[in-house]
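Q: Dropping a prediction and its sequence here:
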Amino acid sequence: MPILSAQNILLRFGGPPLLDNVSFDVEAGDRICLVGRNGEGKSTLLKVLTGEMEANSGEIIKKSGLKVSRMVQEIPAHLDGTVRDVVMSGVSRDGHADDAVRNSHAEAILGKTGIAADAPFDSLSGGQKRRVLFARAVASDPDLLLLDEPTNHLDIPAIQWLEGIVTRLECAVLFVSHDRTFVRRVATRILELDRGRVRSWDFPYDKFVQFRDQALAEEEKANALFDKRLAEEEVWIRKGIQARRTRNEGRVRALIKMREERAARRTRTGNVNMQITEADRSGRLVARLTDVSYSYDGAPLISHLSTEVSRGDRIGIVGPNGSGKTTLLRLILGELKPDSGDVRLGTNLQIAYFDQMRTRLREDKTLIENIGDGQAYITLNGVKRHVLSYLQDFLFSADRARGPISALSGGERNRLLLACLFSHPSNVLVLDEPTNDLDMETLDLLAELLADYKGTVLTVSHDRAFLDSVATSILAIEDNGSVFEAVGGYSDYEENRKIREKEKAKAARIAEEKANSQKNASASGMSNAENAVNLANSAKKRKRSYNEEREYTALPAKIEGLEEKIAEIQTELSKPEVYTDAKRIVELQKELSELSDLNSELEKAYDRFGELDSI
């Protein structure tokens, strides 16, 4: 039985309905991602579910006593008090005996934020505030938790922390996110909001994309056939008197109905049509950093970094919030002078800079004025374009283009900034958090565009899927300002980091064993030479225990079995005929829920085999 049911929700602000007779159910334990283009109404739908916004018609039916909590997309402008005050403000109090239980639950989630409870909320960074606001939403122990872009402003470790918390919650979760990796790891169902309608997909994200694309292709094919038939009927009706004879009245009525159906059809919003205006090639060398260090308030941000950026490199810069990612960008570009070391810039550099604070946008100007600087035309790669036409490539209508920037959503602002950026010739693109608020389709197109760009790309991002698509190498700021350079995307860096952590743990274990051995030798009066021999013999004799050996022997068969099971489910799911068999769909839904567990178990098996194999 659903804990919440939306039935025929209609919401219109003028023009086509934003929500057009939307209906769906939320079951206990669901983890649902609400996806859709920027401006489709995802945040609005969440407000309707909480009662913050009233629909024109329809009904929200909730289970008796249902507790709903929501984390909003934007950080509230003024929240007074400490971190504890903010988190505890989410706890509902009704004077019952379970208030103590609620307090305990709130204190537990407060402790998991990793932020000092007595710290003033206003003193926190954007990412820290998001963690506190998430804790406040969870503190009430809701039955249904609504999250609007929960990963915004969070660094990758914080996003991974959030993934772990959300996947362990017992309540149902309905969330909006454009972070593809987060959605893949958290969502068990997808609700797609498209042209005012909601379609429910009982699949994880990647399977949803596959079948969504198939459905859109079929829709496009059906529309093309309908339009062809309509055109034929329009030709017939214009032939003359024969179309108005009594025996053809039925055909005329059918044509009128077809016209009405065509007029009511809502076309899907087109894709952004981006292109980058490229300047002449830079020199082979873009920047060379030699033993560069930089500190802020006595704390090292970058420590003894030596690296070279060459023409055509696509470098992703990652690290925790406050670690110095933007500082590293500015050092590479020569905008900051290092405390020590040397930065050498290449020749003929034309740099286009996308900054995460969007300071390049002039708030007192219209979209047209931001792009054209008062001119009606701009030149892109040698081709003259009208500013209005260029803005339409970025999905801005003529009315929108003539309006103020203040009316734009976060995603629209990012699209406008990309339009500004790409309208100027460049051979070095610097993108500081370009993915915030952009929908997934625009992110895909941006990644494809950057892959084809002949210049150099430097990007700071917390979007792991985007980095995997774009980056050819990673500069990761780690402890004490050290910068680790890894070839490939973020996944390659993450795998390398795990290997280094295991090696570090192994080295620490050996060092501890050595220290204990020396301590024991000293206590027994053993000489250093004798102790060294014993330590070496101990290291040689260290081998897997009986239980470890049995586990090690059994793991290859276990791994093979898991791989076969995963492959079997994936093969079955790839058959189109499966989804026309209602009985089989029910069976597969259960198997789909097991698929993510199987993948997780397989990854653990690989890790364990590697540990035992190193002994």
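A: Yes, it's here.
Q: Every contact and neighbour count from this point should use C-alpha atoms.
A: Fine.
Q: for the helix or strand containing Trp236, what is the average pLDDT?
A: For Trp236, the element it lies in under DSSP states H and E is helix 205-237. On average, the pLDDT along helix 205-237 is 84.
Q: Which strands and helices lie in contact with it?
A: With contacts defined as 3 or more CA pairs under 8 Å, 6 or more residues apart in numbering; DSSP states H and E, helix 205-237 has these neighbours: helix 180-186, strand 189-194, helix 249-264.
Q: a markdown table for the ones you listed, including mean neighbour count, mean pLDDT and distance to Arg84?
A: Formatted as a markdown table, the entries for these read as follows, by neighbours: other CA atoms under 10 Å; pLDDT from 0 to 100; distance: least, CA to CA, whole Å:
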| stretch | mean neighbour count | mean pLDDT | distance to Arg84 |
| --- | --- | --- | --- |
| helix 180-186 | 19 | 93 | 27 |
| strand 189-194 | 22 | 93 | 33 |
| helix 249-264 | 14 | 79 | 52 |
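Q: Dump those to JSON lines, plus distance to Leu225.
A: Output for those, formatted as JSON lines (distance: least, CA to CA, whole Å):
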{"stretch": "helix 180-186", "distance to Leu225": "34"}
{"stretch": "strand 189-194", "distance to Leu225": "22"}
{"stretch": "helix 249-264", "distance to Leu225": "12"}
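Q: For Leu336, find the nearest of those.
A: Nearest to Leu336, of all the helices and strands packed on helix 205-237, is helix 180-186, at 33.4 Å by CA to CA.
Q: The closest one packs against which elements?
A: The contact analysis (3+ CA pairs under 8 Å, 6+ apart) places helix 180-186 against helix 156-168, helix 205-237, helix 464-470.
Q: that older thread, let me know which of the helices and strands packed on helix 205-237 is the nearest to Phe609.
A: helix 180-186 (23.4 Å).
Q: List the neighbours of that closest one that are in contact with it.
A: 31, 33, 159, 163, 166-167, 177, 204-206, 440, 463-465 (CA atoms under 8 Å, 6 or more residues apart in numbering).
Q: before we move on, the earlier item: for the helices and strands packed on helix 205-237, which one sits closest to Asn321?
A: helix 180-186 (18.0 Å).
Q: export the closest one as PDB, just CAs?
A: Extracted in PDB, the C-alpha atoms of helix 180-186 (Å, rounded to 0.1, in the frame of the first residue of the first chain):
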ATOM      1  CA  ARG A 180      24.600  10.700 -12.500                       C
ATOM      2  CA  THR A 181      26.900   8.700 -10.200                       C
ATOM      3  CA  PHE A 182      24.900   9.600  -7.100                       C
ATOM      4  CA  VAL A 183      21.700   8.600  -8.900                       C
ATOM      5  CA  ARG A 184      23.200   5.300 -10.100                       C
ATOM      6  CA  ARG A 185      24.200   4.400  -6.600                       C
ATOM      7  CA  VAL A 186      21.100   5.500  -4.700                       C
END
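Q: about what we covered before: who wins for proximity to Asn414 among the helices and strands packed on helix 205-237?
A: helix 180-186 (17.9 Å).
Q: now that closest one, how far from the centre of its chain.
A: Per CA atoms, centre = their mean, to the nearest Å, the displacement of helix 180-186 from the mean C-alpha position of its chain is 7 Å.
Q: Also stretch 177-191?
A: The chain centre lies 8 Å from the centre of stretch 177-191; the measure is CA atoms, centre = their mean.
Q: tally of neighbours for Arg415?
A: Close neighbours of Arg415, defined as other CA atoms under 10 Å, add up to 24.
Q: Next up, the contacts around it.
A: Phe394, Leu438.
Q: Tell me the predicted confidence for it.
A: Arg415 is assigned a pLDDT of 84 by the prediction.
Q: ok, the nearest residue to Arg362 once chain neighbours are set aside - contacts?
A: Residue nearest to Arg362 in three dimensions, not counting chain neighbours: Asn370, with 6.6 Å by CA to CA, 6 or more residues apart in numbering. By CA under 8 Å, 6+ apart, the contact list for Asn370 reads Leu361, Arg362, Cys420.
Q: again with Pro425
A: So Pro425 contacts Ile276, Thr277, Glu278, Ala279, Gln350, Ala352, Asn381 (CA under 8 Å, 6+ apart).
Q: I'd like the distance between it and Gly455.
A: Using CA to CA, to the nearest Å, Pro425 is found at 11 Å from Gly455.
Q: Give me the common contacts of the two.
A: Here Pro425 and Gly455 share the contacting residues Glu278, scored by CA under 8 Å, 6+ apart.
Q: picking that back up, so which of the contacts of Asn370 sit within helices?
A: When those are checked against helices (DSSP state H), the matches are Cys420.
Q: With distance to Glu234 as added columns, please give the contacts of Asn370 in TSV.
A: Shown next, in TSV, are those (distance: CA to CA, whole Å):
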residue	distance to Glu234
Leu361	48
Arg362	49
Cys420	44
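Q: Need the contacts of Asn370 in CSV (columns: pLDDT, distance to Ser125 and neighbour count).
A: Output for these, formatted as CSV (pLDDT from 0 to 100; distance: CA to CA, whole Å; neighbours: other CA atoms under 10 Å):
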residue, pLDDT, distance to Ser125, neighbour count
Leu361, 76, 23, 18
Arg362, 80, 25, 14
Cys420, 85, 28, 19
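Q: picking up where we left off before, nearest approach to Phe396 belongs to which of the helices and strands packed on helix 180-186?
A: Among the helices and strands packed on helix 180-186, the nearest to Phe396 by CA to CA is helix 205-237 (22.9 Å).
Q: That closest one vs strand 189-194, what angle?
A: The directions of helix 205-237 and strand 189-194 differ by 30 degrees, with axes from the mean of the first three to the mean of the last three CA atoms, to 10 degrees as the criterion.
Q: Sort out which residues of helix 205-237 are buried, please.
A: Neighbour counts using 16 or more other CA atoms under 10 Å place Tyr205, Lys207, Phe208, Phe211, Leu230, Glu233 of helix 205-237 among the buried residues.
Q: contacting residues for the closest residue in space to the third one that isn't next to it in sequence?
A: The shortest distance from Phe208 to any residue that is not its chain neighbour, by CA to CA, 6+ apart, is 6.4 Å, and that residue is Trp201. By CA under 8 Å, 6+ apart, Trp201 lies in contact with Arg189, Ile190, Leu191, Glu192, Phe208.
Q: What residues does Glu107 make contact with?
A: Counting by CA under 8 Å, 6+ apart, Glu107 has no contacts.
Q: for the helix or strand hosting it, the distance to its chain's centre please.
A: Per DSSP H and E: Glu107 is located in helix 99-112. With CA atoms, centre = their mean as the basis, helix 99-112 stands 29 Å off its chain's centre.
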